[in-house]
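1. sequence? don't have it. structure:
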């Protein structure tokens, strides 16, 4: 793994929409591959950690190979997409049930790409990502907002 390795996690409900176009643009600049959550079966978090049979843990094994994790999400009702929220909620599995994987997040970088039909975005939109990065001992390195 080198210092510039990264992956873009696409969390839109459409695999061919504006958020994917933004992710593809950033991928062309960075050579980061895009991982589309759309086709993956990832269940909601539950306190029994009963979803070891879905795609979350294999997806995280893939993601943890990279130094930088870039989340790409449309803005739905002033927040990230539900698909991405479910994915991030499952990080709780890594903090309680699969701690050895959770420890691997420490020191990695996190970034954000948002997409909406509005040119400007409330500066608080990225706050949940910044706080999540801080909680996980990751470095939040920036947010790019795109609109179409």
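-> All right, it came through fine. Since the structure is predicted, the reported quantities are computational estimates derived from the model, not experimental observations.
2. where does the closest residue to residue 68 other than its chain neighbours fall, phi/psi-wise?
-> Using C-beta to C-beta, 6 or more residues apart in numbering and skipping residues adjacent in sequence, the residue nearest residue 68 is residue 6, 3.3 Å away. Glycine gets a C-beta too; all of them are placed from N, C-alpha and C. When read as degrees, to the nearest 10, the backbone of residue 6 gives phi -160, psi 170.
3. how about the contacts made by residue 6?
-> 30, 32, 66-70, 109, 111 (C-beta atoms under 8 Å, 6 or more residues apart in numbering).
4. mind running it again at 7 Å?
-> Neighbouring residues of residue 6 by C-beta atoms under 7 Å, 6 or more residues apart in numbering: 30, 32, 66-68, 70.
5. of those residues, grab the buried ones for ChimeraX.
-> To isolate the buried ones among these in ChimeraX, judged by 16 or more other C-beta atoms under 10 Å, type:
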select :30,32,66,68,70
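6. okay, and which of the contacts of residue 6 map to helices?
-> residue 30 (DSSP state H).
7. in JSON lines, list the contacts of residue 6 along with pLDDT and distance to residue 76.
-> Formatted as JSON lines, those follow (pLDDT from 0 to 100; distance: C-beta to C-beta, whole Å):
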{"residue": "30", "pLDDT": "96", "distance to residue 76": "25"}
{"residue": "32", "pLDDT": "97", "distance to residue 76": "23"}
{"residue": "66", "pLDDT": "98", "distance to residue 76": "26"}
{"residue": "67", "pLDDT": "97", "distance to residue 76": "28"}
{"residue": "68", "pLDDT": "98", "distance to residue 76": "24"}
{"residue": "70", "pLDDT": "98", "distance to residue 76": "18"}
